[in-house]
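Engineer: would you be able to build a 3D model of this:
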Amino acid sequence: MIKVCLADNYPVVHFGIKSYFKDHSSISIVANVGNFSMVKDVLSDKEIDILILDLDLDGLSSIYEVKALIKNFPKTKILIFSNYAEQLYAPNAIKAGVSGYVHKTSKLEGLGNAIMRVSQGSIVMNETLKKNLAAIAKQNKSERLYRKLSNREIEVLRYLSDGKKNNEIAQILTLNEKTISTYKLRLLQKLNVTNLVDLVNKAKTLEIV
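Structural biologist: Down below sits the predicted model:
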């Protein structure tokens, strides 16, 4: 039996997933949490084969915290289940060490298949996304420039898009405020814009945030 922990903000998601897998022959939802601070406790107390994790989970501020989980709990594989745009977040998440990425618009049957595949050692990524990534490689430099954003740059951009100031982002990511300013400057350069409003609008147009 594959033992699964679900980490998501919304009770309706917990209810839906637990109900769907209630009588599953191979998958058992043995724990569920609504805040990232609770994840480590669960992984320490229980044997969890797969952690289903939403990148928007309360208390989760950075992909580097996910990397720390992977390092500290190597026996637990992480499957991202999120609304964030697959074309940007999935490659970066998998690069960070997660075992798969399933968008929340997917059917629960697809999530179940992903859990099975991850448990067998596969890296799960949407087939459409794989084709898109291949197509992106053929695009011109300006079209694929935004794909080169680092994990940190993506995180800073997300918080800027939420209206947070440099000092607020620095506190969330436990970084120096000058470092945030540097990331902001890089984002302006990489997305070829000159101000914050245009930066956020460009990010939304490209579905980065």
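
Engineer: what about Asp56, neighbour count?
Structural biologist: Counted by other CB atoms under 10 Å, the residues lying close to Asp56 total 14. C-beta: built from backbone N, CA, C; applies to glycine.

Engineer: helix, strand, or coil at it?
Structural biologist: Following DSSP: H, G, I helix; E, B strand; the rest coil, we place Asp56 in the coil state.

Engineer: surely it meets Tyr89?
Structural biologist: No - using CB atoms under 8 Å, Asp56 is not in contact with Tyr89, being 10.4 Å away.

Engineer: which residues are in contact with each of the two?
Structural biologist: Common contacts of Asp56 and Tyr89, defined by CB atoms under 8 Å, 6 or more residues apart in numbering, comprise Ser82.

Engineer: list the contacts of Leu51.
Structural biologist: Leu51 touches 4-5, 7, 39, 43, 69, 76-79, counting by CB under 8 Å, 6+ apart.

Engineer: within its sheet, name the partner strands of the helix or strand it falls within and how each one runs.
Structural biologist: In this structure, Leu51 sits in strand 50-53 according to DSSP states H and E. As defined by DSSP bridges, the strand partners of strand 50-53 come to strand 2-7 (parallel), strand 77-82 (parallel).

Engineer: any chance of a markdown table for those strands, columns distance to Thr174 and mean pLDDT?
Structural biologist: Below are the strands paired with strand 50-53 laid out as a markdown table (distance: least, CB to CB, whole Å; pLDDT from 0 to 100):
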| stretch | distance to Thr174 | mean pLDDT |
| --- | --- | --- |
| strand 2-7 | 21 | 98 |
| strand 77-82 | 21 | 96 |
